[in-house]
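K.L.:
need a structure here:
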Amino acid sequence: MKKMHLLLIILSINACKTTNGVKKISTFNGDKTMKVPVLKINKKEYTKIKDLHFKHSVGGEPVEEETLVMMKYSDKYLEVKFECRDNPRIEQNYFTKDNTKMYTQEVFEIFISNGELSNEKYIEIQINPNNALFLSKIKNTYKTDKKFSSDFIDTTTSDVSHYVEKKIEENIWKGYLRIPMEMLKYPNAISKDTYRINLYRIISNADHANKNWMNNSDNSTFACWSSTFSKNPQFHSPDHFGFLILE
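P.N.:
Coordinates of the predicted model:
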């Protein structure tokens, strides 16, 4: 019986290892290698990202605040649950309309492109504590002429379901996103089972009397699932996207 229990424990540990890991990759021009996180998800149950501490965009050290993220998928949708903890200024976010400059305050973000290679085209998804939604197709030609453009996706016809719950006394805001797989196959015509993805969170570190306050490196933390290791806070770095694998 003891051997059976030990075997079950070992199998359980091994199963966890297959869902969260790292992969060594090269940048698009091959000038350096780096390790990025890997998350494998399935259709049956949510898979959690084990590490609750995202990394600073600058320097890559873990942030103090905890962020819980879990995902699963179906043939039609990617489902994401998230919990932004240690967030004492939830009510100092003032954007309530979709596809606005909500990214200038506190948000939870997903950048994702279909396929194994880092891509200059990807989907950007943002949600804030007021349940405002931001959807856009990004064209970021960082490999060539360094141009950047954003094409909004109509949130009313996008088939993205979302909600947010605030727990003010606990300094937590959490939410749910159900994103159509049809949207996520971008920029490919036929969807693949591997995606490049990064997750982000902007966290205010100062009180703001002005409703039009804007985040910056002095008043906010810019946190990433996979650090962009940039000189200044920067999320749009596809080479640093991790991997999402559908099993």
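K.L.:
in the lengthiest strand in the chain, what counts as buried?
P.N.:
Secondary structure of the chain per DSSP state E: the longest strand is strand 194-204. Neighbour counts over strand 194-204 (16 or more other CB atoms under 10 Å) mark 195, 196, 197, 198, 199, 200, 201, 202, 203, 204 as buried. Heads up, the C-betas are built off the backbone N, CA and C, glycines and all.
K.L.:
between those residues, which sits nearest residue 90?
P.N.:
Comparing the buried residues of strand 194-204 against residue 90 with CB to CB places residue 204 closest, at 9.1 Å.
K.L.:
how close does that closest one get to residue 217?
P.N.:
12 Å (CB to CB, to the nearest Å).
K.L.:
repeat that for residue 136.
P.N.:
23 Å.
K.L.:
neighbour count: these two, which is higher?
P.N.:
residue 136 (17 against 11; other CB atoms under 10 Å).
K.L.:
now do the helix or strand the more buried one falls within: which elements does it pack against?
P.N.:
Taking DSSP states H and E as the definition, one finds residue 136 inside strand 133-140. Using 3 or more CB pairs under 8 Å, 6 or more residues apart in numbering; DSSP states H and E, the elements in contact with strand 133-140 are strand 121-127, strand 148-152.
K.L.:
can I get the last one in CSV, CA atoms only?
P.N.:
Coordinates of the C-alpha atoms in strand 148-152 are reproduced here as CSV (Å, rounded to 0.1, in the frame of the first residue of the first chain):
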residue,chain,number,x,y,z
PHE,A,148,3.7,49.8,-34.7
SER,A,149,0.0,49.8,-35.4
SER,A,150,-3.2,48.8,-33.6
ASP,A,151,-6.5,47.8,-35.2
PHE,A,152,-9.4,47.7,-32.7
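K.L.:
what about the following helix or strand past that strand, average pLDDT?
P.N.:
Scanning forward in sequence from strand 148-152 by DSSP H and E, the next helix or strand is strand 161-167. Strand 161-167 shows a mean pLDDT of 99.
K.L.:
same check on stretch 181-192?
P.N.:
Mean per-residue pLDDT for stretch 181-192: 92.
K.L.:
now that stretch: how far from the chain's centre is it?
P.N.:
Centroid separation for stretch 181-192 versus its chain: 18 Å, with CA atoms, centre = their mean, to the nearest Å.
K.L.:
name the residues of it that are buried.
P.N.:
Quick answer for stretch 181-192 (16+ other CB under 10 Å): 183, 184, 185, 186.
K.L.:
from the residues you listed, pick the one nearest residue 40.
P.N.:
residue 184 (16.2 Å).
K.L.:
test my guess that residue 165 contacts residue 174.
P.N.:
Yes - with contact defined as CB atoms under 8 Å, residue 165 reaches residue 174; the gap is 5.5 Å.
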